[in-house]
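Enquirer: Provided below for reference: sequence and predicted model.
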Amino acid sequence: MVKIGIILGSTRPGRNTEQVAKWVYEQAQKRNDAEFELVDIADYNLPLLDEPVPPSLGRYSKPHTKTWAAKVATFDGFVFVTPEYNHGIPAALKNAIDFLYKEWNNKAAGFVGYGSAGGARAVEQLRLNLSELQMAHVRAQVMLSLFTDFESFSTFKPAAHQEQAVNTMLDQLVAWAHALQALRKGELQQRKAA
Ligand SMILES: Cc1cc2nc3c(=O)[nH]c(=O)nc-3n(C[C@H](O)[C@H](O)[C@H](O)COP(=O)(O)O)c2cc1C
């Protein structure tokens, strides 16, 4: 069984992300091909990146980094639930991603974006960022419209077809999470044998 973390991309008071992530989790719970867990970056109280050594070197020094790294390390794949802020992702999400390196490597990612254009521009940026972290991001993505999937831009009422969109994204994500889990296990065995 692979483990998938559903990451809440916004830390804003009154954020829509809680409703969206909860809905994604509820859809995911109907499946039996993976374990799913909500991961709220707001719970980790990360300051703006304050590690003196680049994360790719893996020498984390701060307790908050170690706690965040330990959580991310438990997953084989992630659903990033992200709004669009100024055609990009929220700074809090980018910061949380930047804190770590190897905990993201060779893992799968899928996206649920929301905004006036379905969060599409934010997700495109996120794809670039995650490529640098050696993450495999699936093609299918969920694009939620502030105009048609929310009432008054704040009460989440997804259109019926969005449930299928989540499942198509999760089908691809779970498949790649399995494949990459095998790759990481193989690498580990090779290192032990060497
Ligand atoms: C700082 C900021 C910038 C925004 N920029 C965009 C944008 O460029 N495109 C867009 O579609 N929506 C934009 N929005 C609207 C958000 O997509 C919308 O408010 C969404 O609900 C925010 O997610 P949250 O409530 O989970 O924080 C912006 C909102 C904020 C707060």
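Expert: Nice, thanks for sending it over. Numbering: from 1, shown residues only.
Enquirer: and the residue nearest the centre of this protein?
Expert: Nearest residue to the geometric centre of the chain (Cα atoms, centre = their mean): F80, 2.7 Å.
Enquirer: and the pLDDT for it?
Expert: Per-residue pLDDT puts F80 at 99.
Enquirer: sec struct for it, please.
Expert: Three-state assignment for F80 (DSSP: H, G, I helix; E, B strand; the rest coil): strand.
Enquirer: do a quick rundown of the helices in this protein.
Expert: Per DSSP state H, the chain carries helices over the ranges 17-28, 63-73, 91-98, 120-132, 161-193.
Enquirer: out of the ones you listed, which is closest to the ligand?
Expert: Closest of the helices of the chain to the ligand is helix 17-28, at 3.6 Å (criterion: Cβ to the nearest ligand atom). Quick note: C-beta positions are derived from backbone N, CA and C, even for glycine.
Enquirer: can you list the helices and strands that the closest one packs against?
Expert: Helix 17-28 is packed against strand 2-8, strand 34-40, strand 77-83, strand 107-115, strand 155-156, helix 161-193, with contacts defined by 3 or more Cβ pairs under 8 Å, 6 or more residues apart in numbering; DSSP states H and E.
Enquirer: out of the helices of the chain, which comes closest to P55?
Expert: Closest approach to P55 among the helices of the chain (Cβ to Cβ): helix 91-98, 6.9 Å.
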